[in-house]
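Peer 1: coords below, sequence missing:
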């Protein structure tokens, strides 16, 4: 069967690929890889350093706080280009480095891992076991997303899934509840695409005049905001900025109101409650706000709400992924663009 390599074709494949990821890491082979990764984390680990570009840079946001709290070590996220040119001298022999590259060939991440070939604590997360980054590292964990030609969709969601699985392995937590949640999210992806496209059409009409959008969240759900900003900026010719919710009230409110657009991601918990309040406040000012939320909020003519479950902050970016991608595709199509096609640049960046 010939693969559908269009953006929507790859989006439609996400649920199957996420199930494949769960099924593999439940097997003896997958469990063995996780065991090996766990043994690269030691009681003497000084810090955990994540490095990547684009989606691979900010996917670890979903596990940063969890790992720092449960392992009791600093967890640092580097844009690989910044690490390459400004941070390599800070890496110690007792640091654990996790290099993420969906292609396994991203130029900056590859150079970082190449320099660290003799380091004993380098794990890579890639979609190609034969890639240079996979071969240069001590251990490669596969995201099993299949071929992807468009803007990141299934490689992004499977990266999130694998990072969550890895976080449970290294903290010796039973992974079965997580596996069940990931499978439920896969089911939710399919049901959203089958039954809720009218909500996406409504949100796209609501945002049709937007040429600049703030993407706002907090905590682990900032991964959703940053992925959305990258996706919409890359493929929909919209100026984007991802910003934590707390920062909005420190000066940015002055630029918001009539003519302003925002997409806010509000999961469960106190942080999500603050984001829901922010969404209402922006709507009252006159901003047009699309709110991805795990809970109901007040109704306002400037507020377009899309309910998302589960609301767990770590899982929320995964649950938001397909609705967000469908919204992006609709907005791009309305602009006469082919969604997922790189306007400038290419899928695998080989030039700094």
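Peer 2: Now that the structure is in, tell me what you want to look at. On a predicted model such as this, the values are computed, not experimentally measured, just so you know. Numbers count the residues shown, from 1 in each chain.
Peer 1: CA only for contacts and neighbour counts going forward, please
Peer 2: OK.
Peer 1: can you count the residues close to residue 242?
Peer 2: Counted with other CA atoms under 10 Å, residues neighbouring residue 242 total 22.
Peer 1: same deal with residue 298?
Peer 2: Counted with other CA under 10 Å, the neighbours of residue 298 add up to 10.
Peer 1: Setting aside sequence-adjacent positions, which residue approaches it most closely?
Peer 2: residue 280 (7.4 Å; CA to CA, 6 or more residues apart in numbering).
Peer 1: Check for me that the one you found belongs to a strand.
Peer 2: No. Using DSSP: H, G, I helix; E, B strand; the rest coil, the secondary structure at residue 280 is helix, not a strand.
Peer 1: Would you enumerate the residues in contact with it?
Peer 2: 298, 300, 303 (CA atoms under 8 Å, 6 or more residues apart in numbering).
Peer 1: What pLDDT does the model give the second one?
Peer 2: Okay, so that is residue 300. In this model, residue 300 is scored at 93, pLDDT.
Peer 1: How about the secondary structure of it?
Peer 2: coil.
Peer 1: Excluding sequence neighbours, find me the nearest residue to residue 126.
Peer 2: residue 102 (4.7 Å).
Peer 1: I'd like to know how far the residue nearest to residue 298 sits from residue 249.
Peer 2: Remark: distance between residue 280 and residue 249 (CA to CA, to the nearest Å) = 13 Å.
Peer 1: who does the residue lying closest to residue 101 once chain neighbours are set aside bridge with?
Peer 2: Spatially, and ignoring its direct neighbours in sequence, residue 101 is nearest to residue 126 (5.2 Å; CA to CA, 6+ apart). Judged by DSSP bridges, the bridge partners of residue 126 are residue 101, residue 142.
Peer 1: Wait, residue 126 touches residue 137, no?
Peer 2: No. With contact defined as CA atoms under 8 Å, residue 126 does not reach residue 137; the gap is 10.8 Å.
Peer 1: pLDDT weak spots in this structure?
Peer 2: Along the chain, segments meeting pLDDT under 70 span 1-5, 340-348.
Peer 1: Domains in this protein, by residue range?
Peer 2: 7-184, 196-334 (automatic domain parsing).
Peer 1: Now do the end-to-end distance for the last one.
Peer 2: Which is domain 196-334. 19 Å.
Peer 1: What are the phi and psi values at residue 98?
Peer 2: Residue 98 adopts backbone torsions of phi -120, psi 110, taken as degrees, to the nearest 10.
Peer 1: And it, how far from residue 274?
Peer 2: Distance from residue 98 to residue 274, by CA to CA: 32 Å.
Peer 1: who's more crowded, these two?
Peer 2: Between residue 98 and residue 274, counted using other CA under 10 Å, residue 98 has the larger neighbour count: 22 against 15.
Peer 1: residues contacting the more buried one?
Peer 2: Counting by CA under 8 Å, 6+ apart, residue 98 has contacts 48-51, 122-125.
Peer 1: quick one: buried residues of stretch 140-156?
Peer 2: Judged by neighbour count (16 or more other CA atoms under 10 Å), stretch 140-156 contains these buried residues: 140-145, 148-156.
Peer 1: try stretch 327-334
Peer 2: 327-332.
Peer 1: Kindly report the same for stretch 228-248.
Peer 2: Result for stretch 228-248 [16+ other CA under 10 Å]: buried residues 228-238, 240-245, 248.
Peer 1: Which of those residues fall within helices?
Peer 2: 228-235, 245, 248 (DSSP state H).
Peer 1: And the buried residues of stretch 140-156, which is closest to residue 77?
Peer 2: Nearest to residue 77 among these: residue 156, at 16.4 Å, using CA to CA.
Peer 1: Verify the stated contact: that closest one with residue 55.
Peer 2: Yes. Under the criterion of CA under 8 Å, residue 156 makes contact with residue 55 at 6.3 Å.
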